[in-house]
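1. Test case, fold it:
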Amino acid sequence: MEDKKKKLSKIALIVAGIGAFASLALALIIKDFSLPIQIALGVTLVSLVMSIVMDPLSIKKWLQGRQARHSSNALLLTIAFLVILVIVNLLSYKNTIRWDLTEDKQNTLSEETLNTLESLDKPVQAKAFFSNRMSTVNSESVLKNYEANSNNKFSYEFIDPDRDPVAATEAGITRDGSVVLTLDNQKQIITSVNEEQITSALIRLSQPGERAIYFLTGHGERSIIDGSEDSYLNAVSELESKNYIVSELNLLAAKTIPDNALAIIIAGPQKPLSSQEVALISEYQSIGGSILVMYEPSLLNQFGNLDDPLSAYLGEFWGITINDDFVIDPTANPVTVSVSASYAEHPITGSLENMVAVLPSSRSLTIDPNIGQAAMGISFTTDQAWAEIDLESLKANVVEFSAGLDTPGPITLVVAAENSAAQSRMVVFGDTDFADDSFYTYYGNADLFLNAVDWASNQDELISLTPRSQTTRVIVTPQVYTQRLIMFGSIILFPLLIIVAAIVVFIRRKREI
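-> Coordinates of the predicted model:
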């Protein structure tokens, strides 16, 4: 009977050890005193008590022996080490110190950002809406960097919009991975978590002002108030979340452009603008005004053979020609959809790296280098695409590249231009559908549109971060013999040395006894 109790005592002691190990492992993984950790600790304590109750004499004998004294010393040292570790962690938690050990200081905020954080007179809260389908690692690293350098004026939290849809709706979130920055009753929504976007949003919050943009009406342009699929309600909602004041403007009735207009958006007119309206636009741009123009192919509008004064103005003053063709892209389905597969380096396309934009029906754009404006193509199709000029064949669903007639790819889909003398800007798109409610959330469409509005409205110049030179690093793969030597050392040699050392220590202690 006594032997059976001793065996059960040893089994209970082993179970207690397993429970203690499981508690430690769960604590490291879950990092919260949750139910699994509580159960593991309970099993540990119950098993330990059962082991003592079933064989108290062995425990007493062990406590009185030399091994117990050595073990008690080890236990005291372990407890002292843990106490020191806890104190160090508490001190480090209360006094956060961060070191950027990268060679080119890629994890250090720019001087402009640090000055912006220092100038905040009220705290800013950031709510990052990320579902479990998106990684938060890089975004949290950036936000934590802001929090650490804000002197308690910047805080953040992550919210899963799938688990808390009410919070996402109240914040005006339409895309996964968006961040809402709030200061008092003002808010800014950013869709890319990087230093430039966050700092620009902080500056807008700390320097509130009227940012008015107008959508032109009167020619069949896309609506910003009705709920049809081809309206711009989603785009307007995001513009308003960035503190833009969005309104309609009918130049035929008003006959003047408001003084507070940062930019005018002409979204897919079905009929041409009048020469009087274009004269107003030209005058507006001569004093620094900016325009965004979005044209549909002639197959999809009602221009017919009517004169187009706006297109003539774009060609004569800006050197931008809106060609009468239809872009065909065999890499897309259907082929009448244009995929913006590459971008030029420009503030509008800076956040679109590795992200395509989808333009459902586009015409090509070309630039006259002899015109004195700084115009450049910023979005292009693949090499396989072409600009089809035989529109009658398209009506008959005949699609075929004609060498010498059609323009081979890559085709320019978007052009940005700037008049440095007047400080006016122009952005021209060969498509209108990409920013309507049907396609706005496709890939990089929303970013392309919002970035174009920001740039045209001169909101990109709120911050100019100090550029950093990045060090190019190349991983040199070791030779085969070196790889085998590393594998031999890590898998065989080092474990073997540890085993030999343990045997030597065991033999020496055996001789001393």
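2. Could you measure from G172 over to L251?
-> 30 Å (CB to CB, to the nearest Å). (Glycine included, C-beta is placed from N, CA and C.)
3. the more surrounded of those two?
-> Neighbours around G172 and L251, counted as other CB atoms under 10 Å, are more numerous at L251. The numbers are 23 against 14.
4. any idea which helix or strand carries the residue nearest to the more buried one when sequence neighbours are not counted?
-> Distances taken as CB to CB, 6 or more residues apart in numbering put E277 closest to L251, at 4.5 Å, once the chain neighbours are dropped. If you go by DSSP states H and E, E277 is part of helix 275-286.
5. average pLDDT for the next helix or strand along the chain from that helix?
-> Downstream of helix 275-286, the next assigned helix or strand under DSSP H and E is strand 290-294. Strand 290-294 carries an average pLDDT of 96.
6. So which other helices or strands are in contact with strand 290-294?
-> When contacts are defined as 3 or more CB pairs under 8 Å, 6 or more residues apart in numbering; DSSP states H and E, strand 290-294 packs onto strand 261-267, helix 275-286, strand 424-429, helix 445-456.
7. would you turn those into CSV with mean pLDDT and mean neighbour count?
-> Converted to CSV, the helices and strands packed on strand 290-294 look like this (pLDDT from 0 to 100; neighbours: other CB atoms under 10 Å):
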stretch, mean pLDDT, mean neighbour count
strand 261-267, 95, 23
helix 275-286, 96, 17
strand 424-429, 96, 26
helix 445-456, 91, 24
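8. State the distance from E316 to L216.
-> For E316, the distance to L216 - CB to CB - is 20 Å.
9. Which one's more surrounded, the two?
-> Per other CB under 10 Å, whichever of E316 and L216 has more neighbours is L216, with 24 against 12.
10. Does that one have any beta-bridge partners, and if so which?
-> L249 (DSSP bridges).
11. Ramachandran angles for E229?
-> phi -70, psi -30 (degrees, to the nearest 10).
12. circling back: now tabulate the helices and strands packed on strand 290-294 in JSON lines and tack on distance to I503.
-> JSON lines is the format used below for those (distance: least, CB to CB, whole Å):
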{"stretch": "strand 261-267", "distance to I503": "79"}
{"stretch": "helix 275-286", "distance to I503": "86"}
{"stretch": "strand 424-429", "distance to I503": "76"}
{"stretch": "helix 445-456", "distance to I503": "64"}
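13. Can you say which of the ones you listed is nearest to L120?
-> helix 445-456 (21.5 Å; CB to CB).
14. Give me the helices and strands touching that closest one, please.
-> helix 233-241, strand 261-267, strand 290-294, strand 357-359, strand 412-419, strand 424-429.
15. which stretch among the ones you listed comes nearest Y440?
-> Between Y440 and the helices and strands packed on helix 445-456, the tightest spacing by CB to CB is seen for helix 233-241, at 4.4 Å.
16. what comes up buried for stretch 213-228?
-> Neighbour-count burial for stretch 213-228 flags 213-219, 221-224 (criterion: 16 or more other CB atoms under 10 Å).
17. Quick one: end-to-end length of it, please.
-> Its start and end residues considered, stretch 213-228 measures 22 Å (CA to CA, to the nearest Å).
18. Could you do stretch 394-414 as well?
-> Note: stretch 394-414 ends 23 Å apart using CA to CA.
19. For stretch 115-127, what is the distance to the chain centroid?
-> Here the centre of stretch 115-127 is set off from its chain's centre by 20 Å, with CA atoms, centre = their mean, to the nearest Å.
20. helices and strands of this protein: which one bottoms out on pLDDT?
-> In the chain, no helix or strand scores lower on mean pLDDT, DSSP states H and E than helix 66-94, which sits at a mean of 55.
21. In CSV, could you pull the C-alpha coordinates for the very next helix or strand once past that helix?
-> Sequence-wise, the next helix or strand downstream of helix 66-94 (DSSP H and E) is helix 111-119. Listed next in CSV are the C-alpha coordinates belonging to helix 111-119 (Å, rounded to 0.1, in the frame of the first residue of the first chain):
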residue,chain,number,x,y,z
GLU,A,111,12.4,66.3,-37.9
GLU,A,112,9.3,67.7,-39.5
THR,A,113,7.2,64.9,-37.9
LEU,A,114,8.7,65.4,-34.5
ASN,A,115,8.0,69.2,-34.7
THR,A,116,4.4,68.4,-35.6
LEU,A,117,4.0,66.1,-32.6
GLU,A,118,5.6,68.7,-30.3
SER,A,119,3.2,71.4,-31.6
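22. any idea which helix or strand comes after helix 111-119?
-> Going down the chain from helix 111-119, the next helix or strand is strand 124-129, by DSSP H and E.
23. For that next one, which residues meet the burial criterion?
-> For strand 124-129, burial by neighbour count (16+ other CB under 10 Å) applies to 124, 126-129.
24. quick one: buried residues of the following helix or strand past it?
-> Following strand 124-129 in sequence order, the next helix or strand is helix 137-148 (DSSP H and E). Burial within helix 137-148, assessed by neighbour count using 16+ other CB under 10 Å, is assigned to 139-140, 142-143, 145-147.
25. Need the three-state assignment for the residue nearest to the spatial centre of the chain.
-> With distances taken as CA atoms, centre = their mean, the residue of the chain nearest its centroid is S192 (3.2 Å). Under DSSP: H, G, I helix; E, B strand; the rest coil, the three-state class of S192 is coil.
26. Low-confidence regions, the stretch 1-150 of the chain specifically.
-> Low-confidence segments of the stretch 1-150 of the chain (pLDDT under 70): 1-3, 5-6, 24-34, 55-107.
27. Who are the packing partners of the host helix or strand of R509?
-> In the assignment (DSSP H and E), R509 maps to helix 494-512. The helices and strands touching helix 494-512, judged by 3+ CB pairs under 8 Å, 6+ apart, number zero.
28. For it, what is the distance to the chain centroid?
-> With CA atoms, centre = their mean, you get 55 Å for helix 494-512.
29. okay, that helix in PDB with CA atoms only?
-> Extracted in PDB, the C-alpha atoms of helix 494-512 (Å, rounded to 0.1, in the frame of the first residue of the first chain):
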ATOM      1  CA  PHE A 494      27.200  21.700 -30.400                       C
ATOM      2  CA  PRO A 495      24.700  19.200 -28.900                       C
ATOM      3  CA  LEU A 496      27.400  16.600 -28.800                       C
ATOM      4  CA  LEU A 497      29.700  19.000 -26.900                       C
ATOM      5  CA  ILE A 498      26.900  19.700 -24.400                       C
ATOM      6  CA  ILE A 499      26.300  15.900 -23.900                       C
ATOM      7  CA  VAL A 500      30.100  15.300 -23.400                       C
ATOM      8  CA  ALA A 501      30.300  18.200 -20.900                       C
ATOM      9  CA  ALA A 502      27.400  16.800 -19.000                       C
ATOM     10  CA  ILE A 503      29.000  13.300 -18.800                       C
ATOM     11  CA  VAL A 504      32.300  14.700 -17.600                       C
ATOM     12  CA  VAL A 505      30.500  16.700 -14.800                       C
ATOM     13  CA  PHE A 506      28.500  13.600 -13.800                       C
ATOM     14  CA  ILE A 507      31.600  11.400 -13.600                       C
ATOM     15  CA  ARG A 508      33.500  14.000 -11.500                       C
ATOM     16  CA  ARG A 509      30.700  14.400  -9.000                       C
ATOM     17  CA  LYS A 510      30.400  10.600  -8.800                       C
ATOM     18  CA  ARG A 511      34.100  10.400  -7.800                       C
ATOM     19  CA  GLU A 512      33.700  13.100  -5.200                       C
END
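30. If anything else comes up later, I'll come back, but that's it for now.
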